[in-house]
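Colleague: the sequence and its predicted three-dimensional model are supplied below.
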Amino acid sequence: MTENIDPRTDPQFKALMQVMNDITQHKVPIYQPWELAARSTLRKIQHEIDDRNVLDDGELIDVLNQTRIEIKYLLSIINDLHERVKERDIEIGIKQLRLNENEVEIQRLENMVHRAN
C-alpha cells in the first residue's frame, strides 16, 4: 500500500509534513503534561456547561464555571513555579561554574606555593 504514495501529490503526506515542519520550527506550542491534563479537563467541563446551559441548571452551571476558574488559576500557579524552578536551575548552574573556576584557581595557587617551597 505504501508503494502507491507519491509524496509530491498525496494530501495526507503533505499534511503530515506540514505538521512536522510546524513542530520543528516551533510554530506549535509544546505543552507540559500538567497543561495537557488541565486543558483536557477544562474542555470537558466546558462541554458539560454547554450541554447543561440549555437546561438552565443555574447552581450546577455556577459550580462548573467556578471549577474552570479555579483550575485555570492553579494552572497559572504551576506554570509560574515551573518557570521559577527553571530560573533557579540556571542560577545554580552559574554558581556551580563559578565554584569550579574558583577551585581551579585555588589548585593553581596551591601548586605555585608548593613549587615555591
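Modeller: Received the coordinates, thanks. Residues are numbered from 1 along each chain as shown.

Colleague: state the distance from the residue nearest to residue 49 when sequence neighbours are not counted to residue 37.
Modeller: Of all residues beyond its chain neighbours, the one nearest residue 49 is residue 64 (4.9 Å), with distances taken as C-beta to C-beta, 6 or more residues apart in numbering. The C-beta positions use only the backbone N, C-alpha and C, and glycine is treated the same way. As for residue 64, its distance to residue 37 is 18 Å (criterion: C-beta to C-beta, to the nearest Å).

Colleague: which residues are in contact with residue 53?
Modeller: residue 61 (C-beta atoms under 8 Å, 6 or more residues apart in numbering).

Colleague: what separates it from residue 15, distance-wise?
Modeller: In this structure, residue 53 and residue 15 are separated by 35 Å, where distance is defined by C-beta to C-beta.

Colleague: neighbour-wise, which of residue 64 and residue 37 wins?
Modeller: Neighbours were tallied for residue 64 and for residue 37 using other C-beta atoms under 10 Å; the higher tally belongs to residue 64 (18 against 13).

Colleague: what secondary structure does the more buried one sit in?
Modeller: Secondary structure state of residue 64, per DSSP: H, G, I helix; E, B strand; the rest coil, is helix.

Colleague: what's the helix or strand for residue 110?
Modeller: Using DSSP states H and E, the element containing residue 110 is helix 58-116.

Colleague: now that helix, how far from the centre of its chain.
Modeller: Distance, stretch centre to chain centre, for helix 58-116: 15 Å (C-alpha atoms, centre = their mean, to the nearest Å).

Colleague: for that helix, give the mean pLDDT please.
Modeller: Across helix 58-116, the average pLDDT comes to 92.

Colleague: now do it: which elements does it pack against?
Modeller: In this structure, helix 58-116 makes packing contacts with helix 33-53, judged by 3 or more C-beta pairs under 8 Å, 6 or more residues apart in numbering; DSSP states H and E.
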